[in-house]
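Q: For reference, the sequence and a predicted model appear below.
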Amino acid sequence: MSPKLQKGEELIRAMRPHPLAFYRLYAIWIYIALVGVYFASGPRIEILEMSSENSIRILWWLSILVPAVLIALFRINWRWLFALAIPALLAFYLPGSPEFIAFLDGLGLAGFADQNIILMTFGIIGIFGTEGHRRSHRYYITNWRLIMESGHLGVHRRTLLYKNINDLVVEQTMAGKILNFGTIIPITASGLGLGDDFSMAGAAVGNRAMIGAGGGKTVSTPRGRSHHLLEGVGRPEEVHDLIISLMHAQR
């Protein structure tokens, strides 16, 4: 699918994120599927003096909720806690639901009424969902502008003329450096392409009478939503140089 071009405008390059650009998302859902595989294998686990059944149940929940909390804290987004906890809750609840069991019986899938198989299913759905999310991103470089869009049903689109770009930031993880993909963030004078990181320190002295002091600092750092930048594109240095040359040509 190509963008609608203006008269005299030429498409120079069309891109999508590299197949491994969202490897962190793939890893999360692969982990969820592997948790289901491990517990479906019937491991014998005993914690302290608890029964094996209770030990397995506790470890099953900890295997999901502890990583979910850590991911939510690391990504500073509590939606991840809910995104991973909801599949676990459904996998735990559905096998005890007569309606769900009857539904699977009607489809001839009674063997799927197991919490670990349900968890594996959610993991596989998450993997394919991540791939669909990656493929929904489309980036176009024309001789006039950058076009960044994402979405299958609804579309988020950002169009940026080269004359409005003040800076280009290239970011690469270690995996990106090895596999030659990275993110390019166009920054404008209005602040598009920047986010704020806030750090704070404080101290207090005293028993009954309290004396306190505190301070904070906000630092603007390059970041944005995936349809506001070129997320995980292949050959980022080459793409960066191409955009720089088009910026100079438009000024």
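A: Alright, I've got the coordinates.
Q: for the protein, longest helix please?
A: When the chain is scanned for its longest helix (criterion: DSSP state H), the result is helix 52-74.
Q: what's the helix or strand that that helix is followed by packed up against?
A: As assigned by DSSP states H and E, the chain's next helix or strand after helix 52-74 is helix 79-93. Other elements packing on helix 79-93 under the criterion 3 or more C-beta pairs under 8 Å, 6 or more residues apart in numbering; DSSP states H and E are helix 23-40, helix 52-74, helix 115-135. Where C-beta positions appear, they are placed from N, C-alpha and C, glycine not excepted.
Q: Could you export those helices as a markdown table, including mean neighbour count, distance to Ser245 and mean pLDDT?
A: Formatted as a markdown table, the entries for these read as follows, by neighbours: other C-beta atoms under 10 Å; distance: least, C-beta to C-beta, whole Å; pLDDT from 0 to 100:
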| stretch | mean neighbour count | distance to Ser245 | mean pLDDT |
| --- | --- | --- | --- |
| helix 23-40 | 18 | 30 | 92 |
| helix 52-74 | 15 | 37 | 87 |
| helix 115-135 | 17 | 28 | 93 |
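Q: I'd like those helices written out as CSV, with distance to Glu99 added.
A: Formatted as CSV, those follow (distance: least, C-beta to C-beta, whole Å):
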stretch, distance to Glu99
helix 23-40, 22
helix 52-74, 23
helix 115-135, 15
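Q: re earlier: which outside residues touch the longest helix of the chain?
A: 28, 31-32, 35, 39, 43-47, 50, 78-81, 83-85, 88, 115 (C-beta atoms under 8 Å, 6 or more residues apart in numbering).
Q: Under the pLDDT cut-off, which ranges of the stretch 151-251 of the chain? List them.
A: For the stretch 151-251 of the chain, residues meeting the criterion pLDDT under 70 lie at 190-227, 251.
Q: how about the strands of it, start to end?
A: Ranges of strands in the stretch 151-251 of the chain, per DSSP state E, counting those that start in this stretch, are 156-161, 165-171, 181-188, 194-205, 211-222, 230-234.
Q: Identify the spatial nearest neighbour of Leu11, chain neighbours not counted.
A: Ranked by C-beta to C-beta, 6 or more residues apart in numbering and with sequence neighbours excluded, the top spatial neighbour of Leu11 is Thr142, at 5.4 Å.
Q: With Asn164 instead?
A: Thr188 (5.2 Å).
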